[in-house]
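Undergrad: Predicted model and sequence below, questions to follow.
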Amino acid sequence: MASTLSILLIVLPWLGALLIWQLGDDARPRLLHNLALVVSLLAGLLSLVLLAFAAPGAAFSLAFGRLLGDFTLVADGLGASLAAVACVVGSLAVLFSLDYMKDEAALSRYYALVLLFIGAMTGLVLSGNLLFTFFFWEITALCSYALISFYNDDPRAVAGGMKALIITQVGGVGLLVGSLVAFTNLGSLQISDLLERARQLPPVLLGLVAFGFLVAAAAKSAQFPFQPWQPDAMEAPTPISALIHAATMVNAGVYLLARFYPAFAQVPGWTLAVTLVGMLSALITGIMALSAQDLKRALAYSTVSQLGYMIYAIGVGGVLASQFHLLSHAVFKALLFLSAGAVIHATGTRDMRRMGGLGKRMPFIRNVFIVGALALTGLPFFNGFWSKELILEAGLKHGPAWAFAVMLLCAGLTGFYTLRMTWLVFYGEAREELHVHPAGSNMRIATGVLAFGTLTTWLLVGPFSGLLSSSLPSHEIEPLSLAELAREILFAPWTWLALLVILVGAAAWQLFKKTPSAGWLTALTETSFGFDWLNARVVALVKGAATRLQVVQTGVLSWNILGIIAALVFVLAFLAWGA
């Protein structure tokens, strides 16, 4: 059963994407909306069923020869849970899109790319073969680029998509190099073989694989120093921001580090590097969110900061805490983005300086946004509270004290910028007369479901931890019951210290909300602490190389085909030589 479900979760969305693409924009918009919704809902349902059949080992295997190895799908707890996140959040994003994209052009392109992404993300987390993991990894990047640039008549959208594609490709290189080094030395592309035989690699080569995968994770999840691409990705339609750039694709880096943690944990300096990447990402983007004026960009900074918490958790050995927060964050951040999308759709602006007082005119959206905001802040008893406190507990027990102190500070920053966002949008006096219309019924259903999940998913910690423990033996994860979670968190003094820091951060906003934003902080935010320059140089270098390589594009089809075949022969010869 797990074999059939795993295949369907990849093939079904892709067949739906192909059908919608073939129908084209000449088809009735209602048909495209409904077809995308049916396919995504069915995928979401099947992904939940797969959780009941999650188990270690390959659920499906198909031989592809000596060079490529076997195409395997592994429906263990880690892969199945992330597949469920991708498919369920994907279906809710499609449902939301029925209202958000109602009068938009190019619907077939939009829905085809969304379904292509859902299938690719599912394949990425279920793949048991390094080469096919890379294949799905690159498809998610392609979908991200195409959907960020969906409004291709907007130069900012095109530039944002190009920037995201190029920067995440730096991570793709890290993943590919690490995979090829592992393959040439182990003679296998199977992830299970790398996990079991990692110590057979010479220390230098194992370190190369480990840090190559860290670069891949940092670029994909917009972590330090690659964080600037994420805010520019907010030019995508808001349902895409919720699905790809908050709940799923940006989690791929976290998934990669969690998957290979047993193989790399003993590499000298690796866990410290992971801890530093997560800590710096959480701190820098938390500070940047303090002065953000664009609602979606503020949520983007928050997303990178929360991903930093997950990366930090893996660095200090808290794989369970990291994945539990990944689940919580996917739910409450998708809720926040979709609620923001309803506001943007209703007002026609993303600038929080033009908003204010919208809570009276959009009470339902205000209420669900507040639910997500309380979870993001980490207040009891929303899902973000439990998972974030688990991360802090893991950091206190197994990480350096200075890193724990910085993460506590980040909790205070979260309280500040979350209250700031909520107040600027929904409370106070209206700062501009905006035409506001109520959120559509599909928007309310999607956000209502996510709000319910934000209130309840923490209750699943027992089954969730048991699933990871039983299906990931090499990770040595201890099951954690709901009662044990409550006892561990509520009776820990550091929990109350963290809550105090959060309240101090929220109080600081109340104290300084009438004070204009500091110019130096705004300047740092706009340049991403100077790292936007570094990312811009990478983009410029790639564009320059592409321009110089244009000379090989002769326009003669036969020569172009010959070049493709020659490159393919070279790659196959290299793989054969390595094998």
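TA: Looks like it came in fine.
Undergrad: Can you tell me the closest non-neighbouring residue to residue 364?
TA: Nearest-residue entry for residue 364: residue 444, 5.7 Å, with adjacent residues in sequence omitted and distances by Cβ to Cβ, 6 or more residues apart in numbering. Backbone N, C-alpha and C define where each C-beta goes, glycine included.
Undergrad: For that neighbour, the count of nearby residues, please.
TA: For residue 444, the neighbour count with other Cβ atoms under 10 Å is 17.
Undergrad: where in the chain is pLDDT low?
TA: 67, 513-536, 538-539, 542-543, 545-546, 549-561, 571-579 (pLDDT under 70).
Undergrad: could you show me where the strands are in it, in order?
TA: In the chain, the strands defined using DSSP state E lie at 60-63, 70-73.
Undergrad: Can you check which of these gets nearest to residue 485?
TA: Set against residue 485 and scored by Cβ to Cβ, these come closest in strand 70-73, at 30.9 Å.
Undergrad: How far does the closest one sit from its chain's centre?
TA: Strand 70-73 has its C-alpha centroid displaced from the chain centroid by 24 Å (Cα atoms, centre = their mean, to the nearest Å).
Undergrad: which residues touch residue 82?
TA: 121, 125, 251, 255, 326 (Cβ atoms under 8 Å, 6 or more residues apart in numbering).
Undergrad: wait, residue 208
TA: Taking Cβ under 8 Å, 6+ apart as the test, what residue 208 contacts is 177-178, 181.
Undergrad: where does residue 274 sit relative to residue 257, distance-wise?
TA: As for residue 274, its distance to residue 257 is 6 Å (criterion: Cβ to Cβ, to the nearest Å).
Undergrad: Let me know whether residue 244 touches residue 143 as I believe.
TA: Yes. Residue 244 is within contact range of residue 143, at 7.1 Å (criterion: Cβ atoms under 8 Å).
Undergrad: pretty sure the residue nearest to residue 364 contacts residue 367?
TA: No. Contact criterion Cβ under 8 Å: residue 444 and residue 367 do not qualify, at 10.5 Å.
Undergrad: Report the central residue of this protein.
TA: residue 250 (2.3 Å; Cα atoms, centre = their mean).
Undergrad: Would you mind measuring from it to residue 223?
TA: In terms of Cβ to Cβ, residue 250 sits 9 Å off from residue 223.
Undergrad: list the residues that contact both of those two?
TA: Residues touching both residue 250 and residue 223 (Cβ under 8 Å, 6+ apart): residue 307.
Undergrad: and which of the contacts of residue 208 is nearest to residue 77?
TA: Once Cβ to Cβ is applied, the member of those that ends up nearest residue 77 is residue 178, at 23.6 Å.
Undergrad: Can you report how many residues neighbour residue 537?
TA: Counted with other Cβ under 10 Å, residues neighbouring residue 537 total 10.
Undergrad: Correction: the previous question concerned residue 268.
TA: For residue 268, the count of nearby residues is 11 (other Cβ under 10 Å).
Undergrad: Can you give me the distance of the nearest residue to it once chain neighbours are set aside to residue 401?
TA: For residue 268, ignoring the flanking residues on the chain, the nearest one in space by Cβ to Cβ, 6+ apart is residue 207 at 7.2 Å. Distance, residue 207 to residue 401, by Cβ to Cβ: 26 Å.
Undergrad: out of these two, which sits in the busier spot?
TA: residue 207 (16 against 9).
Undergrad: need the contact list for the more buried one.
TA: By Cβ under 8 Å, 6+ apart, the residues touching residue 207 are 267-268, 270.
Undergrad: before we move on, what about residue 427?
TA: So residue 427 contacts 356-357, 359 (Cβ under 8 Å, 6+ apart).
Undergrad: Could you give the backbone dihedrals for residue 431?
TA: Residue 431 has phi and psi values of phi -90, psi -10 when expressed as degrees, to the nearest 10.
Undergrad: Count residues in the vicinity of it, would you?
TA: Residues near residue 431, counting by other Cβ under 10 Å, number 14.
Undergrad: what's the distance between it and residue 306?
TA: Taken as Cβ to Cβ, the span from residue 431 to residue 306 is 28 Å.
Undergrad: now residue 123
TA: Per Cβ to Cβ, residue 123 is found 25 Å from residue 306.
Undergrad: One more: residue 283?
TA: From residue 283 to residue 306 the distance is 12 Å (Cβ to Cβ).
Undergrad: So the two - more neighbours on which side?
TA: Neighbours per residue (other Cβ under 10 Å) separate residue 283 from residue 306, with residue 306 holding more: 29 against 19.
Undergrad: mind listing what the more buried one touches?
TA: By Cβ under 8 Å, 6+ apart, the contact set of residue 306 is 282, 325, 329, 333, 376.
Undergrad: Can you add neighbour count and give the residues you listed back as JSON lines?
TA: Shown next, in JSON lines, are the contacts of residue 306 (neighbours: other Cβ atoms under 10 Å):
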{"residue": "282", "neighbour count": "28"}
{"residue": "325", "neighbour count": "26"}
{"residue": "329", "neighbour count": "28"}
{"residue": "333", "neighbour count": "28"}
{"residue": "376", "neighbour count": "29"}
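Undergrad: out of those, which one sits closest to residue 13?
TA: Closest approach between the contacts of residue 306 and residue 13, by Cβ to Cβ: residue 333, at 21.8 Å.
Undergrad: The closest residue in space to the closest one that isn't next to it in sequence: neighbouring residues, count only.
TA: Excluding the flanking residues, the one nearest residue 333 by Cβ to Cβ, 6+ apart is residue 246, at 4.3 Å. By other Cβ under 10 Å, 29 other residues sit near residue 246.
Undergrad: Contact partners for residue 246?
TA: With contact set as Cβ under 8 Å, 6+ apart, residue 246 has these partners: 299, 303, 329-330, 333-334, 336-337.
Undergrad: again with residue 255
TA: By Cβ under 8 Å, 6+ apart, residue 255 lies in contact with 78, 82, 124-125, 326.
Undergrad: change it to 10 Å
TA: Neighbour list for residue 255: 78-79, 81-82, 85, 121, 124-125, 133, 217, 220-221, 248, 310, 322-323, 326 [criterion: Cβ atoms under 10 Å, 6 or more residues apart in numbering].
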